[in-house]
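Q: This is a predicted model, with the sequence first.
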Protein chains: 2
Amino acid sequence: MADQVYDPARYDGTNASLTSAISADGMPRLGVRYRVPPRCGVAVRVMAGQIISIENTHGTQVCDFWAFLASDMGQFLSMAHCRTWLQSITPKVGDSLVTNQRQPLLAIVEDTSPGVHDTLMSCCDWPRYQLLGCTAYHDNCADNLRMALAAIGLVPPQVPDPFNLWMNIPVTRDGQTSFEPTVAASGDRFAMRALADCVAVMSACPQDKNPINGHNTAPTELHFTIQA
Amino acid sequence: MADQVYDPARYDGTNASLTSAISADGMPRLGVRYRVPPRCGVAVRVMAGQIISIENTHGTQVCDFWAFLASDMGQFLSMAHCRTWLQSITPKVGDSLVTNQRQPLLAIVEDTSPGVHDTLMSCCDWPRYQLLGCTAYHDNCADNLRMALAAIGLVPPQVPDPFNLWMNIPVTRDGQTSFEPTVAASGDRFAMRALADCVAVMSACPQDKNPINGHNTAPTELHFTIQA
């Protein structure tokens, strides 16, 4: 389906996600600090028991995060199922994140930030930027997911709703939401232990039409490490 | 994929969703009051401009609601995209609901209830009831969706997150949620105008392990009407 496969016809050739794979199949070297270029996505395989630690390098950047079960890409981290399981809209250290089949996939083991993350918003995509007034192609997290997986030879069955690390979406008592700047600090880390072999994808969100990546700061890089 | 196709091997034969289609292809007769049996799902085709009016017959029942674009079942109502578009976790009269491609699909035109509906929780499914302690098959909204569509010859590409009409999920200031009884009244109506031809599915949620369908009340029927 149109939603599932990265469409090169929409691509302007300047986004580096397709050429930023950490290895041909996404297997990492343990302990190596990898970079997610600004406005790009990178995929990595995380084996059960290993820890993926994501670093908000400059403190102003939102990371759209996805994870798929390695043995079945049709089973993936689902924010709606996480909320139902956790009875909370904001996962925190000690919580397990579950798939659309309610299988625990990742356990949150460290968060050095104030813990402001989002599970409510869809990832940005090309239709989103068209609605925001863009006429030329704009980098977006949905295409970053598709490209990051294509770069290691995989196709997502769909674009799941992301876990938006460090994304600040307050919810008022009457249910209204707003896009606010991150409250993370430079070097903040968010780490999860894999509970099953999975393929994780991180997108350094290219949103520059609202302040989620900071007022007057350009979308920037992220880093991550896989540890035994 | 396992998640997409209704699996008769899991089915105990007492759920009437497979035999409750309103017609062979889901086309309604306009103005007819149709019934969604207790614990079951029913699908209906709604043409652009027509209004689907759903009735909380006894006032205690949650309705899990989905809609798919008739011309492309891969495009469907998405709660995360609705929240992003509306900047609210609770749609209300006057709001348009959008698909996973951000296309407006339904406009809310009437809500006689206090307006307490949920966009945060996943629909109940067999894994959910296993986690709640069930060992024998339990009717569930995910299978109701699959069966209601199978009954008119369709297969959903996935089980999207539902729009949970009359489902009462308060969110506290610190982001905690809880399952509370509906605040609807007998005969309350929720009506939407289709903005494109779509296939709508309603499930009279069979959840009886928490009070969302009322304290000490059994899951019950719903009714609906399609009007020009």
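A: Received, thanks. What you are looking at is a predicted structure, and each value in this text was computed from that prediction instead of being measured.

Q: Around chain B, pick out the residues from chain A.
A: Contact residues, chain A versus chain B (C-beta under 8 Å from any C-beta of the partner chain): A:1-4, A:72, A:74-75, A:78-81, A:83-84, A:87-90, A:100-103, A:120-122, A:125, A:127-128, A:131, A:157-159, A:161, A:171, A:173, A:175-178. The C-beta positions use only the backbone N, C-alpha and C, and glycine is treated the same way.

Q: same thing but at 6 Å, please
A: Those residues of chain A that sit near chain B, judged by C-beta under 6 Å from any C-beta of the partner chain, are A:1, A:3, A:74, A:80-81, A:83-84, A:87-90, A:101-102, A:120-122, A:127, A:161, A:171, A:175-177.

Q: among these, which are in strands?
A: A:Gly74 (DSSP state E).

Q: Excluding covalently adjacent residues, which one is nearest to A:Lys92?
A: A:Gly115 (5.6 Å; C-beta to C-beta, 6 or more residues apart in numbering or on different chains).

Q: From the geometric centre of chain A, which residue sits farthest away?
A: Relative to the centre of chain A, the most outlying C-alpha is that of A:Asp174, 27.8 Å out, by C-alpha atoms, centre = their mean.

Q: who's in contact with the longest helix seen in chain A?
A: Across chain A, the longest stretch assigned as helix under DSSP state H is helix A:141-150. With contact meaning C-beta atoms under 6 Å, 6 or more residues apart in numbering or on different chains, helix A:141-150 is reached by A:6, A:17-18, A:40-43, A:64, A:123-125, A:156, A:159, A:201, A:203, A:205.

Q: looking at this, A:Leu105 is in a strand?
A: Yes - counting by DSSP: H, G, I helix; E, B strand; the rest coil, A:Leu105 is found in a strand.

Q: How about the contacts made by it?
A: A:67, A:77, A:97, A:99, A:195-196, A:198.

Q: With pLDDT added, can I get the residues you listed in CSV?
A: As requested, these are arranged in CSV below (pLDDT from 0 to 100):
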residue, pLDDT
A:Ala67, 98
A:Leu77, 98
A:Leu97, 98
A:Thr99, 98
A:Leu195, 98
A:Ala196, 98
A:Cys198, 98
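
Q: Can you tell me which of the residues you listed is nearest A:Trp166?
A: Using C-beta to C-beta, A:Leu97 is the member of those that sits closest to A:Trp166, with 15.9 Å.

Q: How much space separates that closest one from A:Thr90?
A: Remark: distance between A:Leu97 and A:Thr90 (C-beta to C-beta, to the nearest Å) = 12 Å.

Q: which residues sit in contact with the residue lying closest to A:Leu77 once chain neighbours are set aside?
A: Of all residues not flanking A:Leu77 in the chain, A:Ala67 sits nearest, at 4.5 Å (C-beta to C-beta, 6+ apart). By C-beta under 6 Å, 6+ apart, A:Ala67 lies in contact with A:77, A:105, A:198, A:200.

Q: about what we covered before: quick check on the residues of chain A next to chain B: which are buried?
A: Among the residues of chain A next to chain B, those classed as buried by neighbour count (16 or more other C-beta atoms under 10 Å in any protein chain shown) are A:3, A:74, A:80-81, A:83-84, A:88-90, A:101-102, A:120-122, A:127, A:161, A:171, A:175, A:177.

Q: Neighbour-wise, give me the winner out of the contacts of helix A:141-150.
A: Compared across the contacts of helix A:141-150, A:Gly41 has the highest neighbour count, 33 neighbours, by other C-beta atoms under 10 Å in any protein chain shown.

Q: Output the lowest-mean-pLDDT helix or strand in chain A in PDB, but only the C-alpha positions, please.
A: Scoring the helices and strands of chain A by mean pLDDT, DSSP states H and E places helix A:126-131 at the bottom, with a mean of 94. Output of helix A:126-131 as PDB, limited to C-alpha atoms (Å, rounded to 0.1, in the frame of the first residue of the first chain):
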ATOM      1  CA  TRP A 126       4.500  14.800   3.900                       C
ATOM      2  CA  PRO A 127       0.700  15.400   4.200                       C
ATOM      3  CA  ARG A 128       1.400  17.100   7.500                       C
ATOM      4  CA  TYR A 129       3.800  19.600   6.000                       C
ATOM      5  CA  GLN A 130       1.500  20.300   3.100                       C
ATOM      6  CA  LEU A 131      -1.200  21.200   5.600                       C
END
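
Q: Name the residues that touch that helix?
A: A:10, A:138, A:140, B:101-102.

Q: doesn't the residue nearest to A:Lys92 fall inside a helix?
A: No - assigned with three-state DSSP, A:Gly115 falls outside any helix and is coil.

Q: Look up how far B:Pro127 lies from it.
A: 28 Å.

Q: Any idea which residue is closest to the centre of chain A?
A: Centre-most residue of chain A, counting by C-alpha atoms, centre = their mean: A:Phe65, 1.8 Å.
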